[in-house]
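A.B. asks: Show me the folded form of this:
(chains A and B, ligands or ions: 1)
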Amino acid sequence: MTSLSLNSFVTFGYLGVFVVALLAQAVGGGNLWLRRVVWAALILVWGVHTASIGLRWVESYQMGIGHAPLSNLYESLVFFAWAIGLALIIAHYRFRAGVILLLGLPMTVLVMAYTSLLDPEIKPLIPALQSNWLVAHVITCFLGYAGFAVSFVAAILLLLANSSSSAAKHLPATRVLDEIIYKSVLVALPMLTLGIVTGAAWADYAWGSYWSWDPKETWSLITWLVYSAFLHARLARGWSGSRAAMLSVIGFGAVMFTYFGVNYLPGLHSYF
Amino acid sequence: MAEPETNRAASSETGGVFGETIGFFTSVKTTIAVLFLLAAASVIGTLIPQEAGLAELKATSSPFLYRLIILLDLHQLYRSWWFLLLLVLLSINLLACLLKKARNIPADWKGKDSQVSFRMNMEDGRPPSEVKKLLAEQLNPFLGGKPKESSSREAISLTWVKHRVHLLGFPLIHTAIIVILLGGLTGIVYGYRGYLSIKEGEEADRFVIKSGGTGTLPFTVAVDEFTLTRYPTGEPKEYRSNVRLLEDGREVHKGPIVVNSPMTYRSISLYQSDYRAVGVKWVKLALSGPDGVVEEFLIRPFQTVPLPGTSEQIRLHSLDPGSSTRGQGVEMTATGPDGESRRVEVFKNDPNPTDVGGRKLGFLGYQTLYATGLQVGYDPGTPLVWWGSGLLVAGFLLTLFTNHRRLAVEIKKEKGRTTVQISGRSRRLRQEFRQAVQEKVRLALGESGKGPRTGQGL
Ligand code: HEM
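C.D. replies: Numbers count the residues shown, from 1 in each chain, chains lettered A, B, ... in the order given. A predicted model of the protein is given here:
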């Protein structure tokens, strides 16, 4: 069993959980049995996902080039999907809102499917990436991104509920969605802050400058600024509902651009 | 962290222009606007090439865009006057906010603040002292300790305060941003970055400053050796420069500079950046005499040296790294005792070894001579940035993982009955706190005590 074959299981696993979650939603919220199946399957698939990341780590050591599996686009995307899975599990557990899985799981499936188009070979670390700061940086950034992803999902649902009353009937109360939008950002923003700080420490360590306005750095700062604005709008100006949801959507747009868009601009982070 | 509360006094009591100015600087509206402007500016900065040559920009942009770029310094946006102005505005905003909010912290700390998130009023038939005992039995374990108590003839007041450190989250976070911005400013004003390239065996102290011009280090960097190691797959594993630092010719520091492991001396850091192959360090030849004994012979470029065991002088001119089927090889001049010079070629794959002065020469190998590229960095603001980052992370953790709660209970004797007034405040999880308190009070006094008469949440 290799981490690669586990990963294809994981991709289809999330897809399967999504289908069952859709079924559970269609049958109606009252079906406890189906919801339990969704919950158990999600935990199982996510557990396998965790194992696959661990296995890849072991495999790299067996090849004599051991390093944390967070060193290229393939590995970081697998970790991103894992972090979204974790955030979905926590949000589902905390708020009992199954619908966020309906929008959140397709995201993990998409990210995992995308990894299958990439070169999955385990390669040795080039000198600039050999640092523990890198590991801390990637982990905290992606945990943050995953929190923003959950906030985004809830924001889309809230906007949907507010724009159509027939959709609202199938969705959790907007008060709950609003709570998810805000609480996820509340956890994710400190994570992103840690991510930016460890990234700056890494850059200082490796390139001799903690900040050099490299596009990826700049976009993570943009993301941070947008969510800081979100927090102040919410805390001190009392923004909630659709307006706060819009800010969350804009913030997630910045997250996505930090991750995918920036690769079309030149810069230091071109390894990822 | 707090959801919005309504009953803090309005932001500025002082009217007029002065008050409005103060209001502008303390307003969170300003903060939100500035944060968005900074975000928008940063977006532009990633779309227009930064620190690029103006000629290049002129060639690739429309005339209008080019004039706009020049007018607003868009090609060096992050150090343009208006970007720095935005940062100054943010700093003033932060400072004003801090000063405004800091006034309330001592009172909050002592549990004397007037803000409440919910109130409950009720009546009970039992005497005040017994009501107090019953409530304390339930609330002490829930709030993790005994309350502060003050009693007068007509009333008993109890105040519980929990997780006071939460109050430090706000000043920590907002001070941290100021400290980080100060660190950045210090770096811009007093720091520099540059680059120097030194060949193995040579030394230098002048470097090219990134923003233009050259500078001189307060010490000399001597590079003894540069090594490049590779993984079995051929990809580079490590670049290492072994250097010595000299002051007035005296060695003051020595060690390797490796990617991810810079050398720092007198607050100036030297980082391994890149390398170039600039020539040949030595070539190793095999010398075999008529007796068949083979010895190795190292020859360095452009030095005339006697060839051991012969009366010839030999000088290395050039190296061919293997451009033909003859393989790697060298071209040299041999000078005999008569002063006659001739060209000598020694190639790895030549079938017949070259004969010089009675000895046969074979090519064994060579070592590249490298120039190592070092980055120079001096930024006296960096410690401030790290201190600020530490405070910021600490502040975030405090606001996230602690929750300041205050519960005040006032028990009075009124017209033969005991009235109980409860007010509570929680920064986070307000709903949950209120429900938990209601539950504890119900457990303490029971439903019989005429229950909560009013329980409005604010
Ligand atoms: C980039 C700069 C800033 C960052 C990262 C930041 C971050 C934060 C964070 C994380 C909180 C939540 C803390 C808590 O609930 O205790 C917060 C709250 C707050 N911030 Fe900022 N802030 C920034 C700038 C400002 C500025 C310039 C002001 C001045 C108007 C300001 C005013 C406030 C206020 C009034 C609150 C609400 C506190 C509460 O309701 O408990 N912030 N800020």
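
A.B. asks: Can you list the low-confidence ranges for chain B?
C.D. replies: Filtered on pLDDT under 70, chain B yields the residue ranges B:1-15, B:52-53, B:111, B:113, B:447-458.

A.B. asks: now the helices for it?
C.D. replies: With DSSP state H as the definition, chain B shows helices at residue ranges B:16-26, B:28-47, B:54-60, B:63-72, B:81-102, B:105-109, B:128-143, B:166-190, B:382-401, B:430-445.

A.B. asks: okay, now A:Pro190: neighbour count?
C.D. replies: Here the number of neighbours of A:Pro190 (other CB atoms under 10 Å in any protein chain shown) works out to 23. (Each C-beta comes from the backbone N, C-alpha and C, glycine too.)

A.B. asks: Tell me how far it lies from B:Leu397.
C.D. replies: With distances defined as CB to CB, to the nearest Å, the gap from A:Pro190 to B:Leu397 amounts to 7 Å.

A.B. asks: At the contact with the ligand, which residues of the stretch 101-250 of chain A appear?
C.D. replies: The stretch 101-250 of chain A has residues A:Ser228, A:Leu231, A:His232, A:Leu235, A:Ala236 near the ligand, with proximity defined as CB under 6 Å from any ligand atom.

A.B. asks: Among those residues, which one has the most neighbours?
C.D. replies: For these, neighbours were counted using other CB under 10 Å, and A:Ser228 has the most, 23 neighbours in all.

A.B. asks: who's in contact with that residue?
C.D. replies: Residues counted as contacts of A:Ser228 (CB atoms under 8 Å, 6 or more residues apart in numbering or on different chains) are A:Leu189, B:Leu35.

A.B. asks: again, but for the one 4 residues further on
C.D. replies: By CB under 8 Å, 6+ apart, the contact list for A:His232 reads B:Val28, B:Thr31, B:Ile32, B:Leu35.

A.B. asks: and the closest residue to A:Gly241 other than its chain neighbours, how many neighbours?
C.D. replies: Of all residues not flanking A:Gly241 in the chain, A:Asp178 sits nearest, at 6.3 Å (CB to CB, 6 or more residues apart in numbering or on different chains). If you count neighbours by other CB under 10 Å, A:Asp178 ends up with 19.

A.B. asks: do the one 10 residues further on as well
C.D. replies: Taking other CB under 10 Å as the neighbour definition, A:Ala188 ends up with a count of 25.

A.B. asks: hang on, it in a strand?
C.D. replies: No - applying DSSP: H, G, I helix; E, B strand; the rest coil, one finds A:Ala188 to be helix, outside a strand.

A.B. asks: Contacts only, for it.
C.D. replies: Contacts for A:Ala188 (CB under 8 Å, 6+ apart) come out as A:Leu143, A:Gly144, A:Tyr145, A:Ala146, A:Gly147, A:Phe148, A:Ser151, A:Tyr227.

A.B. asks: JSON lines for these, including neighbour count, secondary structure and pLDDT?
C.D. replies: As requested, the contacts of A:Ala188 are arranged in JSON lines below (neighbours: other CB atoms under 10 Å in any protein chain shown; DSSP: H, G, I helix; E, B strand; the rest coil; pLDDT from 0 to 100):
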{"residue": "A:Leu143", "neighbour count": "23", "secondary structure": "helix", "pLDDT": "95"}
{"residue": "A:Gly144", "neighbour count": "28", "secondary structure": "helix", "pLDDT": "95"}
{"residue": "A:Tyr145", "neighbour count": "25", "secondary structure": "helix", "pLDDT": "95"}
{"residue": "A:Ala146", "neighbour count": "30", "secondary structure": "helix", "pLDDT": "94"}
{"residue": "A:Gly147", "neighbour count": "28", "secondary structure": "helix", "pLDDT": "95"}
{"residue": "A:Phe148", "neighbour count": "28", "secondary structure": "helix", "pLDDT": "97"}
{"residue": "A:Ser151", "neighbour count": "32", "secondary structure": "helix", "pLDDT": "96"}
{"residue": "A:Tyr227", "neighbour count": "28", "secondary structure": "helix", "pLDDT": "96"}
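
A.B. asks: would a markdown table of those with distance to A:Leu221 be doable?
C.D. replies: What follows is those, written out as a markdown table (distance: CB to CB, whole Å):
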| residue | distance to A:Leu221 |
| --- | --- |
| A:Leu143 | 18 |
| A:Gly144 | 13 |
| A:Tyr145 | 14 |
| A:Ala146 | 19 |
| A:Gly147 | 17 |
| A:Phe148 | 15 |
| A:Ser151 | 19 |
| A:Tyr227 | 11 |
